[in-house]
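Peer 1: Predicted model and sequence follow; I will ask about them next.
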Amino acid sequence: MNELNILKYVDDVIRFCEMQFPRKCNCCGYEFKDFKDFLKNTKIPDHVAMSNLQIIDFKDIHDVIAYRNCKCGTTITLPCSIGLGSKFLFLDTIEYDSKETGMSKADVAIKLRDEVLKKVLGDSTEDMDGE
């Protein structure tokens, strides 16, 4: 299979996510100092392990949202799109890759997620979901 076009956005997604830190868990108050700290100290919720990204492309809302659980169990959402001007292009690229490969849009987004995790956390798969 050819490389997915969405993967060209890995660095942009990382930059956009990094801009959202530091941030605190609304429940326990733990402060995540940066995106890497957030990934290391949260995990993908078990009940949505293969679909923790929600693609929202409806009316006035256009984004990809990631769900992570804080160590206290609270689910934290993290917008992953790369800025207002590029959100439509970002979502169009997911749709294009889906049509070209026969993968679902969610599976294309999961590939993007996995590449972001690898780049931020390194090649170590033991930290892929924060455990």
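Peer 2: Arrived safely, thanks for sending.
Peer 1: for the top strand by length along the chain, packing partners?
Peer 2: Using DSSP state E, we find that the single longest strand of the chain is strand 61-70. Where contact means 3 or more C-beta pairs under 8 Å, 6 or more residues apart in numbering; DSSP states H and E, strand 61-70 is packed against strand 42-43, strand 53-58, strand 75-79, helix 87-101, helix 105-121. Placement of C-beta: from N, CA and C, glycine included.
Peer 1: where does Thr42 sit relative to Ala106, distance-wise?
Peer 2: Thr42 is 20 Å from Ala106, where distance means C-beta to C-beta, to the nearest Å.
Peer 1: More neighbours: those two, which one.
Peer 2: Thr42 (24 against 15; other C-beta atoms under 10 Å).
Peer 1: ok, that one touching Cys72?
Peer 2: No. Using C-beta atoms under 8 Å, Thr42 is not in contact with Cys72, being 10.1 Å away.
Peer 1: how distant is the helix or strand harbouring Asp12 from the center of its chain?
Peer 2: Element membership of Asp12 [criterion: DSSP states H and E] is helix 10-18. Helix 10-18 sits 9 Å away from the centroid of its parent chain (C-alpha atoms, centre = their mean, to the nearest Å).
Peer 1: Check which helices and strands that helix is in contact with.
Peer 2: helix 35-40, helix 105-121.
Peer 1: In it, which residues are buried?
Peer 2: 10, 13-14, 16-17 (16 or more other C-beta atoms under 10 Å).
Peer 1: re earlier: between the helices and strands packed on helix 10-18, which one is nearest to Tyr96?
Peer 2: If you check each of these against Tyr96 by C-beta to C-beta, helix 105-121 wins as the nearest, at 9.1 Å.
Peer 1: List the buried residues for that closest one?
Peer 2: Buried residues in helix 105-121, counted by 16+ other C-beta under 10 Å: 105, 107-113, 115-117, 120-121.
Peer 1: Lys118 and Leu112, how far apart?
Peer 2: 11 Å.
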